[in-house]
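Colleague: using only what follows, build the 3D model:
(2 chains)
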Amino acid sequence: MTCSECQLRIFERDLDSDATAHLADCEECRALDREVGLNAEALTSMRDDLVPVRPKRRWPWAVAGMAAAAMLAVTAISEPPPPAPVTLEAPPPVELAATPQESAPVVRPVRRAPRKPADTAQLVQILTDDPDIVIYWLLDSDEGDNTL
Amino acid sequence: MTAGELSFAMPAARPTFEELHLQHQQRVLRTALRLLGRLEDAQDAAQEVFLRLLKHLDALDGDPQAWLYRVTVNVCNDQFRRRIFVAEGPERADPDPGAQRELEMDERKRLLAEGLKTLAPREREAVVLRDIEGLSTREVAAILGVEEVTVRSQTAQARMKLAKFVRRAQ
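Modeller: Numbers count the residues shown, from 1 in each chain, chains lettered A, B, ... in the order given. Next up, the predicted model:
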């Protein structure tokens, strides 16, 4: 077995009897075998290395908490403005009251108030074939047209 | 359906994401660190890997170890392509030739970690999974999606380069 053949076996970590026999005679290959063996041992020991785990980032929550606190603080500071919305709410009813649509319901009861059945009612007498039967209708002046 | 049937139907033995995360976190981190060479990058990669695990948790059956290795390798490859990899040379070259004998295992490990950065991605993946993680050639081949003979060749190539790197650095 040549050195290059033996070295291939060394790197494959697959030493057969021929390679072992060559190692016994070749100092250079023996040194390489020792070297590769130590490397393999070191690589294997890396398996036990503890890799530091990234600490869980809690700062976004802290920032979120601070932001929420800041918003609450801003809200608390800006509490005086509540009167402003109240004053803003007041004008609209005034403007709405001035519109014609709003005046209609107000007028209606006024129109009905003076209505008196005695003044406006009309008596209609309807005669029938039977002289003993007479029909009387009492008609309202406003709604009478509607009923007829 | 009764409560008994319900509990029977529920996959109670199936580990939760938190359990899997706890169980495989170091393995994923370690592999990512050896593949990428930088702790920050490894932590980013591990985060991405577990994000994918969370997304595909329902589709995974059995032990997800091989799946995690495969995803770790893929995520590290993506990261590797994205960044400009600056291979750092050995940090020290001891002028004292006698230091070779005093080389501690820690120093060798440090050199090997540096040497891993100089490997081709496929060689690095093979040697990390085979030598550091201790997987079999067949397992590594399945994870990397290559033939076993390819894994053997890449691992041998990686070991040779690492040996040269360590020797030069000493």
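
Colleague: where do the helices sit along the chain?
Modeller: You didn't pick a chain, so chain A it is. With DSSP state H applied, chain A shows helices at A:3-12, A:17-25, A:27-45, A:59-77, A:83-89, A:91-98, A:100-112, A:117-120, A:144-147, listed in chain order.

Colleague: that was the other one, I meant chain B.
Modeller: Secondary structure of chain B (DSSP H): helices at B:3-9, B:17-36, B:39-56, B:65-82, B:105-118, B:121-127, B:137-144, B:148-169.

Colleague: go through those helices and name the closest to residue A:50.
Modeller: Residue A:50 lies closest to helix B:17-36 among these, at 6.6 Å (CB to CB). From N, CA and C alone the C-beta is placed, and that goes for glycine too.

Colleague: contacts for that closest one?
Modeller: A:46-47, A:49-51, A:53, B:15, B:39, B:41-43, B:45-46, B:49-50, B:53-54, B:57, B:64-65, B:68-69, B:72-73, B:75-76, B:79-80, B:113, B:116, B:121, B:124-125, B:128-129, B:132-133 (CB atoms under 8 Å, 6 or more residues apart in numbering or on different chains).

Colleague: show me the shaky parts of chain A.
Modeller: Applying pLDDT under 70 to chain A flags residues A:56-63, A:78-121, A:139-148.

Colleague: ok, 90 please
Modeller: Across chain A, the ranges flagged by pLDDT under 90 are A:1, A:13-17, A:25, A:45-148.

Colleague: mind checking how far residue A:21 is from chain B?
Modeller: Going from residue A:21 to chain B by CB to the nearest CB, to the nearest Å gives 20 Å.

Colleague: and the nearest residue to that residue once chain neighbours are set aside, what is it in contact with?
Modeller: Spatially, and ignoring its direct neighbours in sequence, residue A:21 is nearest to residue A:1 (7.3 Å; CB to CB, 6 or more residues apart in numbering or on different chains). Residue A:1 is in contact with A:18, A:19, A:21, A:22, counting by CB under 8 Å, 6+ apart.

Colleague: weed out the non-buried ones from these.
Modeller: Buried by 16 or more other CB atoms under 10 Å in any protein chain shown: A:19, A:22, out of the contacts of residue A:1.

Colleague: no more questions from me, cheers.
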